[in-house]
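Visitor: when you get a sec, could you give me coordinates for this:
(one chain, ligands or ions: 2)
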Amino acid sequence: MTTLAITDGRVLRPDLTVAAADVLIDRAAGEILEIGPDLAGEADETLDAADSLVTPGFVNGHCHVAMTLLRGYADDKPLEAWLREDIWPAEGELTPEDVRAGAELGLLELIKSGTTAFADMYFHVPEVADAVETAGVRARLGHGIVTVGKDGEAAREDAKTSLEIAREYDGSADGRISTAFMPHSLTTVGGEYLAEFVPEARDAGVPIHYHANETADEVAPIVDEHGQRPLEYAAEHGLLEPEDFVAHGVHVDDREIELLAEAGTGVIHCPASNMKLASGMAPVERMREAGVTVGLGTDGAASNNDLSMLDEARDAAMLGKLAADDASAVPAEAVVDMLTRGSADAIGLESGRLEAGAPADLAVLDLEAPHLTPRHDLVSHLAYAAAAADVRHTVCDGNVLMRDREVLTLDEAGVRERALEAADALAGRVE
Ligand SMILES: N[C@@H](CCSC[C@H]1O[C@@H](n2cnc3c(=O)[nH]cnc32)[C@H](O)[C@@H]1O)C(=O)O
Ligand SMILES: [Zn+2]
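Guide: Residues are numbered from 1 along each chain as shown. Ligands and ions are numbered 1, 2, ... in the order given. Have a look, this model is predicted:
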C-alpha cells in the first residue's frame, strides 16, 4: 500500500465543522484511511496544506464540458434563440477532435478550480471519456439525445447511441467513469422515444439525466399538449427514479417539488446559466425544505461563462436569497452542502465528504489571501469569498492531479493551444 498525507491543513468535515488535521490516503484504493493529528510520519508522500483549507473536491452536477470551445461565441440571448440560432449550428460543425480539445480545456479548468467530479451531457462521448481518463477526474457521462427536427430513423439512432454509450463506458477509467442515458429535455425528445427507450435504460441499470423546467417557454407546450406539468409528464414516462437527476428545475410548482422529493430524484441547480439566459430563479430554498436532493452545476461554458464551482456556490446563495425574498435563505452551510455532497448524491457518487472510507477526492485552498482574511468562518469563505485561483492542490481517487497550482495530468500550454486552434477553425467553418 502506498499512502499520501495532506498535512497541516484545516479539514472541512461532513458536519461542516473545521478541524486542524492531516488526511491519510490509500493511493491504490483511492480512499481516505484516516483524518487526525500527526499522520505525516505514516505516509510515503505528503502534500503541504499549511494555511490552507482541505475540502471535498467540488462536484459539478451538470455540464457540457466541451462547450468551452464556444465560450464567448454567442451571448446575451434567451435559451431557445441561443440554442437554435447560434449554438446548434456551431455544434453541427464540431468534429470528434474538436470535442476532445474542448473537453481537455474544460477539464483543465475543472481541475484548476478544485472540481474532482462532474456529470456531462454531450456528443462524441468517446472523446470526452478519453480526456477524462487522462485528466484523472471522476465523471458521469452521457450522449445527449435530440429528436425534434429529425426523421424517425435518425431520432432512433440518436437514442440508441445514448444507450450504447451508457452501456459501454459504465465503469471505465478504473471505475472513475460512470454513465447515464441522457434525453436532452422533455420538449426536444418526443414522447414515443421516451416510451421506447426508457425501459431499455432501466434494463441497462443506468440513471437518466435531462434538462427539465428550465424556462417558462419550455413548460407551456407540455401543459398545453398533455394537460400536465412537465415533471408529472416525466413521472408518467418513468423518468423520476431515485438514481435520476434533472438539470435546472427553475419553473417547478409545489406539486412537482413534492414529486421530486417523493421520488428521490436529484435537481442540479445552475444559477449562473439561469441568470445569464434569464431563464428564471429556481426555488432552491423550497426544494431543500421539501427534502429534494439539490446539487450545483455550471452548465456549459457558453452560458456561464466559466466552469468554476466556487462562482456557482456564491451565485446559488445570492440568487437563492433573492428568489425567496429572504436573506436567511440558502445560507453558507446549504451552499457548501450543495457544492459537495448534494451534487455527489444527486449524480450518484460516493464523494463529496471527507471521512475514513470515503473516496480520496479533495481540493486544498490557499487561505493566505487578502480576500480570505480574517478567518471568522471558513464555511462562509467557501460560499462567499473563495475563488478558483485559491485552489492549490487537487486530488482525485488518491492521485494528485494538481500540485502547487501545476496540473500534472494535462499539459496546460498544449491544451490551450489546441483549443484555440480548434475554436478558431470552428468559427471559420460556421460563417
Ligand atoms: N445529440 C444532440 C446533442 C445533445 S448534447 C446536449 C446539448 O445541450 C445543449 N445545452 C447547453 N446548455 C443548455 C441548457 O442550458 N439548456 C438546454 N440545452 C443546453 C448543448 O449545446 C448541446 O447541444 C444533437 O444531435 O444535437
Ligand atoms: Zn445544460
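
Visitor: which residues of the stretch 51-200 of the chain lie near ligand 1?
Guide: 64, 79, 83, 87, 91, 121-123, 144-146, 158, 184 (C-beta under 6 Å from any ligand atom). Glycine gets a C-beta too; all of them are placed from N, C-alpha and C.

Visitor: quick one: which two of those are the most distant?
Guide: Pairwise distances across these peak at 20.3 Å for L79 and D158 (criterion: C-beta to C-beta).

Visitor: among the residues of the stretch 51-200 of the chain next to ligand 1, which are located in strands?
Guide: With strands defined by DSSP state E, the entries of these inside them are 121-122, 144-145.

Visitor: how about the strands of the stretch 251-400 of the chain, start to end?
Guide: If DSSP state E, counting those that start in this stretch is used as the criterion, the strands of the stretch 251-400 of the chain fall at 266-269, 294-296, 362-366, 391-396, 399-403.

Visitor: bridging residues for the residue in the stretch 51-200 of the chain positioned nearest to ligand 1?
Guide: Closest approach between the stretch 51-200 of the chain and ligand 1, counting by C-beta to the nearest ligand atom: G144, at 2.6 Å. G144 has these beta-bridge partners by DSSP bridges: M182.

Visitor: from V407, how far off is it?
Guide: Distance of G144 to V407, given as C-beta to C-beta, to the nearest Å: 27 Å.

Visitor: between the two, who's got more neighbours?
Guide: Neighbours were counted for G144 and for V407 using other C-beta atoms under 10 Å; G144 has more, 23 against 19.

Visitor: hang on, isn't the more buried one packed against F181?
Guide: No - at 10.2 Å, G144 and F181 do not qualify as touching, with contact defined as C-beta atoms under 8 Å.

Visitor: what about the nearest residue to A50 once chain neighbours are set aside, which SS state?
Guide: Distances taken as C-beta to C-beta, 6 or more residues apart in numbering put D8 closest to A50, at 4.3 Å, once the chain neighbours are dropped. Following DSSP: H, G, I helix; E, B strand; the rest coil, D8 is assigned to strand.

Visitor: name all residues that make contact with D8.
Guide: D8 makes contact with 20, 22, 40, 48-50 under the criterion C-beta atoms under 8 Å, 6 or more residues apart in numbering.

Visitor: then A383?
Guide: Shown in contact with A383 (C-beta under 8 Å, 6+ apart): 313-314, 317, 331-332, 335-336, 339.

Visitor: most neighbours of all those, which one?
Guide: Neighbour counts for the contacts of A383, by other C-beta under 10 Å, peak at L339, which reaches 29 neighbours.

Visitor: now that residue, nearest residue through space, not along the chain?
Guide: L339 sits nearest to A313 (C-beta to C-beta, 6+ apart), 4.8 Å away.

Visitor: A155 versus that neighbour, what's the distance?
Guide: 38 Å.

Visitor: and the contacts of D8, which two are furthest apart?
Guide: Maximum distance among these (C-beta to C-beta): 14.0 Å, for A20 and D48.

Visitor: so those two - more neighbours on which side?
Guide: D48 (17 against 9).

Visitor: how close does the nearest residue in space to the more buried one that is not next to it in sequence get to G357?
Guide: Nearest residue to D48, sequence neighbours excluded (C-beta to C-beta, 6+ apart): T7, at 6.0 Å. Distance of T7 to G357, given as C-beta to C-beta: 20 Å.

Visitor: so the two - more neighbours on which side?
Guide: When T7 and G357 are compared for neighbours, T7 comes out ahead with 21 against 11, by other C-beta under 10 Å.

Visitor: need the contact list for the residue nearest to L339.
Guide: 296, 335-336, 338-339, 382-383.

Visitor: hmm, 7 Å instead?
Guide: A313 sits next to 296, 335, 339, 382-383 when contact means C-beta atoms under 7 Å, 6 or more residues apart in numbering.

Visitor: check D170 too.
Guide: By C-beta under 7 Å, 6+ apart, D170 lies in contact with 178-179, 206.

Visitor: neighbour-wise, which one of those residues leads?
Guide: If you count neighbours using other C-beta under 10 Å, the busiest of the contacts of D170 is T179, which has 28 neighbours.
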